[in-house]
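J.: Below are the sequence and a predicted model for it; my questions follow.
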Amino acid sequence: MKKQQIEDRKIFVLEDFIPGLVYKLNNHLAPIIGYGQLLLPKGGDRESKRYVEKIIDEAQQASEMIKELVNFVKRRRPKKEFVDLNHLIETVLEKKTPILNLKNIEVVKELSASIPRTLIDVRQIEQALINLIANAEEAILEFHGIGKIEIKTRVVEGQIEIVIKDDGPGISKKNLPRIFDPFFTTKAKGTGLGLTVSYDIIAEHGGVLRVESEWGKGTFFIITLPIIEVQDGKQNEVRIEKSLKGTKGLVIDDEPSFLDSVLKYLRLEGSEVVPAVDAKTALNIIESKDFDFVICDIKMPGISGPDFYRIIREKRLFLCDRIIFMTGDLLSDTTRAFLDSVTNPNIEKPFNLDELKEIIVKMLEKNR
């Protein structure tokens with residue numbers, strides 16, 4: 001009984017410790033990815049550029065592993081919007097293809113023009129796609145180090161079908177029934193949660209994720225999603241601009257390295273951005289300046305992101321809809337409850353800086 005009590009105590013301590021650990025890891029990974037992205041266009045010799053790409057890739061893989069764990073522990077309800085799935089796939093491939101090509105993996109896409117828009121949570125479906133592509137990548141690299149990933153979309157029997165095929169080793173008959181089980185993996189790296197999380201995401205969307213594979217003949221992952229039509233016949237088109245020239249922004253974060261990397265990026269994109277290391281400073285700045293957008297961290301000493309939002313709602317109501325929240329505190333019930341209670345866009349640390357720009361542009365278009 002004493003031994004069991006000790007084990008129970010360890011689990012209790014871990015449950016209390018893990019959210020803080022995730023938060024700290026995300027806050028360290030965010031500036032690594034940010035500075036890496038800023039350094040990449042600077043040029044230099046080919047080898048140096050390759051090293052920077054590897055740094056970004058490894059940091060992003062660490063980030064994905066953390067997100068897999070978080071998504072498994074804290075499954076959030078989908079926040080759905082009408083989306084062009086082909087466009088979403090193109091966006092994912094824009095990020096992944098250059099890295100895959102460097103690893104001698106060819107990416108072939110065959111996206112049907114007849115795919116209608118449907119109702120999905122963009123972030124969740126993107127995560128599922130990234131997980132499946134990463135699984136294909138690892139299989140190819142461990143098998144023969146060179147290969148091909150094919151991604152196709154089509155409409156089949158009134159449903160959208162996304163097929164991700166790789167020419168890796170395939171899955172043995174023994175392992176096939178366990179492929180979606182939590183923590184099951186045959187890979188040297190990974191948590192064994194990527195496919196489980198993807199399966200659950202697709203199921204939450206009323207769809208099905210299935211696998212077809214034979215040892216030595218590659219693997220097919222097939223996603224089937226229902227077509228949900230727009231009720232009023234209107235579909236909001238989002239125009240993504242190439243820069244943020246002429247915009248004025250305020251960025252609030254208590255992590256100096258991360259704050260610096262975001263500021264540098266947004267300034268390169270043409271935005272006039274002002275930093276604030278805490279919400280109190282930000283509130284003083286807002287008294288004398290107007291902003292097109294405000295990017296605010298959730299967890300900060302003193303006045304938190306949610307407290308800042310409540311103060312803005314009382315004092316500068318028009319600015320409420322211009323706030324974008326960011327957080328590395330992914331396992332906090334309080335953080336999740338707040339984000340679910342507001343309609344403001346949010347982004348999870350660490351993130352690709354281009355994703356942040358896309359969110360800003362969407363918000364500017366919406367508030368125009």
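T.: Alright, I've got the coordinates.

J.: can we go C-alpha only for contacts and neighbour counts from here?
T.: Will do.

J.: where's the closest residue in space to residue 110 that isn't next to it in sequence, which helix or strand?
T.: Distances taken as C-alpha to C-alpha, 6 or more residues apart in numbering put residue 152 closest to residue 110, at 4.6 Å, once the chain neighbours are dropped. Under the criterion of DSSP states H and E, residue 152 resides in strand 147-156.

J.: can you check residue 336 too?
T.: helix 333-341.

J.: buried sites along that helix?
T.: For helix 333-341, a neighbour-count test (16 or more other C-alpha atoms under 10 Å) marks 335, 339 as buried.

J.: Locate residue 65 within the secondary structure: which element?
T.: Going by DSSP H and E, residue 65 is in helix 46-73.

J.: try residue 165
T.: Going by DSSP H and E, residue 165 is part of strand 159-166.

J.: Mind listing the strands that strand pairs with, and their directions?
T.: Neighbouring strands of strand 159-166 in its sheet, by DSSP bridges, are strand 147-156 (antiparallel), strand 219-226 (antiparallel).

J.: Give the residue spans of the protein that score low on pLDDT.
T.: 2-20, 43, 68-77, 186-192, 230-242, 330-331 (pLDDT under 70).

J.: which residues touch the closest residue to residue 209 other than its chain neighbours?
T.: Distances taken as C-alpha to C-alpha, 6+ apart place residue 223 nearest to residue 209, at 4.6 Å, with adjacent residues excluded. Counting by C-alpha atoms under 8 Å, 6 or more residues apart in numbering, residue 223 touches 161, 162, 163, 202, 207, 208, 209, 210.

J.: Just give me the closest of those to residue 136.
T.: Relative to residue 136, the closest of the contacts of residue 223 is residue 163; by C-alpha to C-alpha it sits at 12.0 Å.

J.: What's the local residue count around the closest one?
T.: Residues near residue 163, counting by other C-alpha atoms under 10 Å, number 20.

J.: The one 3 residues further on now?
T.: When neighbours are counted by other C-alpha under 10 Å, residue 166 registers 27.

J.: does it really touch residue 136, like I thought?
T.: Yes - Residue 166 sits in contact with residue 136 when judged by C-alpha atoms under 8 Å, with a separation of 5.7 Å.

J.: Done for today, thanks.
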